[in-house]
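1. Sequence and predicted structure are below.
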Amino acid sequence: MALDPSKGKDAVTGDYSALVKLGMDKSMILYCEADLQRRPTPQIVADGVDMVRAFQPDGFAIEVNQFQELLAAEFQRVAQEQRVFLPIVELNNQVNKQVRVRRLGTYLSQRKLRFKGHSAGTALLVQQLQDFPVGDHDDGPDALQQALRVMILLWNERHEPVTMATRLIT
């Protein structure tokens, strides 16, 4: 799961906050559902913690560039208050957003990525992907690539070949 908290100048006309859930089946097909809304920061945190409680992801990516580091701390505080396990993975993005989002192209062209039907947020994410890079908003695609990045990281850690070095650590 991942969050792009982009809000722009205000929660009414600014960017969308994008919460993206990503899963994978045994055939390694990815399934995506998104919640894209314009919402104030306290609502982003409340909605995010509720989604984590329901979805129970292995990782929850939050970009920690600039002020967003404070948002991760607020997520931890609220999750702890509500006794929700929140596996935050802090991402400090140094690569240009266009480069990061373009990495999704391989999964899309190979039809390895499926999107939930009858979901307004997911439909908006798909629209943003179609409009990229010239669209007005790219919050959904950014959150999707972050979710995929964390999924790959967690998958590779779990399926790392056992060597003498890993045996000594475990």
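-> Done, it's in. Numbers count the residues shown, from 1 in each chain.
2. neighbours around Gln145, how many?
-> For Gln145, the tally of surrounding residues (other Cβ atoms under 10 Å) stands at 25. The C-beta positions use only the backbone N, C-alpha and C, and glycine is treated the same way.
3. burial measure for the residue lying closest to it once chain neighbours are set aside, as a count.
-> Sequence neighbours aside, Arg100 is the residue nearest to Gln145 in space, at 4.9 Å (criterion: Cβ to Cβ, 6 or more residues apart in numbering). The local packing of Arg100 (other Cβ under 10 Å) involves 20 other residues.
4. could you measure Ser109 against Gly117, distance?
-> 21 Å (Cβ to Cβ, to the nearest Å).
5. likewise Pro133?
-> From Pro133 to Gly117 the distance is 25 Å (Cβ to Cβ).
6. Regarding Phe115, what are the backbone dihedral angles?
-> phi -120, psi 140 (degrees, to the nearest 10).
7. Tell me where this protein has strands.
-> Assigned strands in the chain, in chain order: 2-4, 17-24, 30-37, 60-63, 88-91, 113-115 (criterion: DSSP state E).
8. Just send those strands back as CSV, with distance to Ala123 and mean pLDDT too.
-> Output for the strands of the chain, formatted as CSV (distance: least, Cβ to Cβ, whole Å; pLDDT from 0 to 100):
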stretch, distance to Ala123, mean pLDDT
strand 2-4, 17, 96
strand 17-24, 13, 97
strand 30-37, 9, 98
strand 60-63, 22, 93
strand 88-91, 25, 92
strand 113-115, 8, 98
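9. pretty sure Leu86 contacts Val49?
-> Yes: the criterion here is Cβ atoms under 8 Å, and Leu86 meets it with Val49 at 7.0 Å.
10. Now for those two: what residues contact both?
-> Common neighbours of Leu86 and Val49, counting by Cβ atoms under 8 Å, 6 or more residues apart in numbering, are 75, 79.
11. Out of the strands of the chain, the one nearest Glu81 is which?
-> strand 88-91 (15.1 Å; Cβ to Cβ).
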